[in-house]
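1. Below is the sequence, then the predicted model.
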Amino acid sequence: MSTSPSQPSFLATALLAWYPRHRRDLPWRHTHDPYAIWLSEVILQQTRVAQGLPYYNTFLNAYPTVADLAAAPEAEVLRYWQGLGYYSRARNMHHTAQQVVQEHAGKFPTSYAELIKLKGIGPYTAAAIASFAFNEAVTVLDGNVYRVLARIFGLHSDIAAPASRKEFQALADQHIPAAAPADFNQAIMEFGAIQCTPVKPDCLFCPLQQSCWAFQHGQVALLPVKSKAKAARTRYFHYFVLRHGEQLYLKERREKDIWQGLYDFALAETVQAELPPSEIMRHLEAFGAEIDISQAAESSATMRHVLSHQKLEVKFHEVPLRQPLPDSTLRDLGLRAYSSEEIEVLPKPVLIVNYLNTH
Ligand code: SF4
């Protein structure tokens, strides 16, 4: 919470002067609707503005109110989200919308203290909604804010360590002006996004150059300090694209893993990149499938797909069938035959979309 003094600090003064002249004109900056602000914040987490903007417009068109979003089928929400990644964000967003409808009669709580109680809303998002929609003097801390504060004040604490949060929060709280909390938050985030950028910040034309510790000490490139994330692990996926006539067999991913709630093909995950022919045959036998060998295509080349903490090496094996798969296989593997029109509206990982577009 803010302990801001009555006179704006040097930081607030500089940022509030800089912001109106440099800010980008973005649709969520023209609204005080907490639902629209929340949507923009969820979409923009770990997503660039240019990529997130069309998703924001799509969601607001499809679901103009939080009640519309809450009432939508999860598969439809995931389909609109398709291509943004981090699908748990979409599922959490859907759950939060339902909670707002069920427990708050479709109205977002109006204070940080109440917003943070909603499942799926963390400190950053609660602060963003409270500040932008309700002008509450709570500071937001995102990657941009950490970077700006670390450089200007010469903070060397590891921003990836949860313990550092308090230190940065306390500092931000000292500077947020009671008279303009929303503008201060927008300004410091925007300043980090377009002036004090991670690489090649525009120090030469920076209004804070004289008071910036990192600039004065030649340490701009060294701040903020951020410990490296764990190396991404590699996983090997072999997809069996089972096709009968015009239909393909897909399944919903139900397990707690990447892409939960999305649809993909029958999958064998292996510990090594290659799946020997004998193993491929073993899987095909397990499907109980009558295979049309004359139509069988070569397995695809390995495709690489990078997620935030995982690298996937993926091969697709086309399996034309003479007969539909037996019911027991459908039951055991959760597969179902879909026409191409049905597949179009299913939520799918981009990897699967790309495969379908090229085959
Ligand atoms: S002088 Fe450079 S490092 Fe310091 S606040 Fe300005 S842009 Fe950021």
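-> Ah, there it is.

2. Which elements pack onto the host helix or strand of residue 15?
-> Element membership of residue 15, judged by DSSP states H and E, is helix 10-22. Judged by 3 or more C-beta pairs under 8 Å, 6 or more residues apart in numbering; DSSP states H and E, the packing partners of helix 10-22 are helix 181-194. Where you see a C-beta, it was placed from the backbone N, CA and C, and this is true even at glycine.

3. Return the set of buried residues in the helix it packs on.
-> In terms of neighbour count (16 or more other C-beta atoms under 10 Å), helix 181-194 has its buried residues at 181-193.

4. Same question for stretch 12-29.
-> Across stretch 12-29, burial judged by 16+ other C-beta under 10 Å covers 12, 14-16, 18-19, 23, 28.

5. What is the nearest of the residues you listed to the ligand?
-> residue 14 (9.2 Å; C-beta to the nearest ligand atom).

6. Tell me where this protein is predicted with low confidence.
-> Judged by pLDDT under 70, the chain has its weakly predicted residues at 1-6, 293-297.

7. related to what we said a few turns ago, which of the buried residues of stretch 12-29 sits closest to residue 205?
-> residue 18 (10.4 Å; C-beta to C-beta).

8. May I have the helix or strand residue 344 falls within as PDB, with CA atoms only?
-> According to DSSP H and E, residue 344 maps onto helix 340-345. Taking Å, rounded to 0.1, in the frame of the first residue of the first chain, the C-alpha atoms of helix 340-345 are listed here in PDB:
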ATOM      1  CA  SER A 340     -12.300 -31.200 -40.800                       C
ATOM      2  CA  GLU A 341     -15.100 -28.800 -40.000                       C
ATOM      3  CA  GLU A 342     -15.300 -30.100 -36.500                       C
ATOM      4  CA  ILE A 343     -11.500 -30.000 -36.100                       C
ATOM      5  CA  GLU A 344     -11.500 -26.300 -37.200                       C
ATOM      6  CA  VAL A 345     -13.400 -25.200 -34.100                       C
END
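
9. and that helix, what does it pack onto?
-> For helix 340-345, the elements it packs on are strand 247-252, judged by 3+ C-beta pairs under 8 Å, 6+ apart.

10. how about the residue of the stretch 251-359 of the chain found nearest the ligand, secondary structure?
-> Closest residue of the stretch 251-359 of the chain to the ligand, C-beta to the nearest ligand atom: residue 308 (26.5 Å). Following DSSP: H, G, I helix; E, B strand; the rest coil, the label given to residue 308 is coil.

11. Likewise for the one 4 residues further on?
-> Here residue 312 takes the strand state, with states given by three-state DSSP.

12. was I right about it contacting residue 305?
-> Yes - applying C-beta atoms under 8 Å, one finds residue 312 in contact with residue 305, separated by 4.2 Å.

13. and after the helix holding residue 15, which helix or strand comes next?
-> Following helix 10-22 in sequence, per DSSP H and E, is helix 34-44.

14. can you count the residues close to the residue of the stretch 251-359 of the chain closest to the ligand?
-> By other C-beta atoms under 10 Å, the residues close to residue 308 number 10.

15. quick one, phi psi at it?
-> phi -60, psi -40 (degrees, to the nearest 10).

16. so it touches residue 88, yeah?
-> No - using C-beta under 8 Å, residue 308 is not in contact with residue 88, being 11.1 Å away.

17. show me the contacts for the nearest residue to residue 116 once chain neighbours are set aside.
-> Spatial nearest neighbour of residue 116, excluding adjacent residues (C-beta to C-beta, 6 or more residues apart in numbering): residue 126 at 4.2 Å. Contact partners of residue 126, counting by C-beta atoms under 8 Å, 6 or more residues apart in numbering, are 112, 115-116, 118, 138.
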